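Enquirer: can't give you the sequence, but here's the structure:
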DNA sequence: TAGATTGTTAATCGATTAACAATC
DNA sequence: TAGATTGTTAATCGATTAACAATC
């Protein structure tokens, strides 16, 4: 099997969100062009993406929804529960706990960490916050392979190093600093400031195309 | 001037973040390969990106840092102050206010909105939260062209419609629903759940490439 | 059957990288 | 001068779209 690109995985995750969260229950089948319309893509792309699942639709009837969801869950490792740690329990970290914990049964925020002693041993949205110094001990006891990093930029790299050393295999980074991680560790960077600055650029009237970028 | 792609704009914003936030002050010049190393890109790509600025480096000396920052600011519309509204003042909305308000002088969170009357007229991280029903009135008084949308999925599209109707020209969407906006309105979608699910996929051991995707 | 939709291959498009003459 | 780095064009790579035979 060819390596499946980052972009395809992102879309598969969104197809599933569409099917599980937003589709009226009475539909038993769905066409590629319907998924495409809802996601603002082409039908070709949807069909091509779904090829990686090894699950076939039926010409003239489309894809059976429950089976499609089942294959998406399987493929995206969402049949097992994936435990995640939130590292840095500031405003953003705590908001992410609340936001993500409620979204997917397969994703469980298993622990939070912070250096601020006022936050330690408190429970935020149902998740216990541990002292940063207990990181290694807690990770030894819980099967956490993934961390969401929302610490200040200055300590982002050193914290990431420590996470990797403690056995973390995937990092979702919200700190506005490009991280360096060893091969074998997955890294996804989410730079909120530059995302907003893109909108600012394409929205500003002056020299740039008055009508639009990626609407 | 060719239309500059979304991706290039995103990288230009991050180049600026690097230069303004993370560079030791004593450096007067910087090479393309240094920027590339810090950002995990190739030097070719950095030079190509910088071409759009119409600002030239000097062979053997690189780019003058203060001038480069000035051109980036100019290009990214960061010489003027850009007022932004946060729509939906739940956990995520309030965290974004705190996070973004402190990051760039050129970005100012000018107002927040929420339907929850308990939140109205309160001030979160220095930003006043208005009743959702006052949206049109407030936007009429303030020069806000951009909105950050963090309302529940069910009301995301209807809220977006209302924002557009009230004159908003750019939306950064955190609601996990693909939005539909008219031509002429910039839309940037940030799906936190699918970002995390990407990490889950590339981190899970079973069938997928044990050694890595985009580390 | 006729018509619509699928799975998949080929064509196109856009973005990244490599190459290299110009130049400091 | 020689060597390093730039700006820019050409080559490569990867992702999206179009096309179409298979099929329900």
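Expert: Arrived safely. Quick caveat, the model's predicted, so the values are computed rather than measured. Residues are numbered from 1 along each chain as shown, chains lettered A, B, ... in the order given.
Enquirer: only C-alpha atoms from now on, for both contacts and neighbour counts.
Expert: Noted.
Enquirer: residue closest to the middle of chain A?
Expert: residue A:172 (7.5 Å; CA atoms, centre = their mean).
Enquirer: residues of chain A that sit close to DNA strand D?
Expert: Neighbours of DNA strand D within chain A, by CA under 7 Å from any atom of the strand: A:5, A:6, A:7, A:8, A:41, A:42, A:44, A:45, A:48, A:58, A:59, A:60.
Enquirer: taking these one by one, which sit in helices?
Expert: Among the residues of chain A next to DNA strand D, the members found in helices (DSSP state H) are A:6, A:7, A:8, A:44, A:45, A:48.
Enquirer: for the first one, grab the count of nearby residues.
Expert: Think residue A:6. By other CA atoms under 10 Å in any protein chain shown, 16 other residues sit near residue A:6.
Enquirer: what about the nearest residue to it once chain neighbours are set aside, how many neighbours?
Expert: Leaving aside its sequence neighbours, residue A:6 sits nearest to residue B:198 (CA to CA, 6 or more residues apart in numbering or on different chains; 7.0 Å). For residue B:198, the count of nearby residues is 26 (other CA under 10 Å).
Enquirer: check residue A:25 too.
Expert: Using other CA under 10 Å, residue A:25 has 11 neighbouring residues.
Enquirer: now do it, the pLDDT please.
Expert: Listed pLDDT for residue A:25 reads 79.
Enquirer: kindly report the same for residue A:214.
Expert: We have a pLDDT of 40 for residue A:214.
Enquirer: which stretches of chain A form strands?
Expert: Taking DSSP state E, the strands of chain A run over residues A:29-30, A:63-64, A:82-87, A:107-114, A:123-124, A:127-131, A:146-149, A:170-173, A:186-189.
Enquirer: what's the closest of the ones you listed to residue B:74?
Expert: strand A:186-189 (25.6 Å; CA to CA).
Enquirer: how about the closest one: buried residues?
Expert: Buried residues in strand A:186-189, counting neighbours by 16 or more other CA atoms under 10 Å in any protein chain shown, are found at A:186, A:187, A:188, A:189.
Enquirer: what's across from the second one in the sheet?
Expert: When you say that, I think you mean residue A:187. residue A:171 (DSSP bridges).
Enquirer: touching, it and residue A:178? I think so.
Expert: No. When contacts are counted by CA atoms under 8 Å, residue A:187 is not listed as touching residue A:178 (9.8 Å).
Enquirer: tell me which residue of chain A lies closest to DNA strand C.
Expert: residue A:56 (2.9 Å; CA to the nearest atom of the strand).
Enquirer: identify the residues contacting that residue.
Expert: Going by CA atoms under 8 Å, 6 or more residues apart in numbering or on different chains, residue A:56 touches residue A:63.
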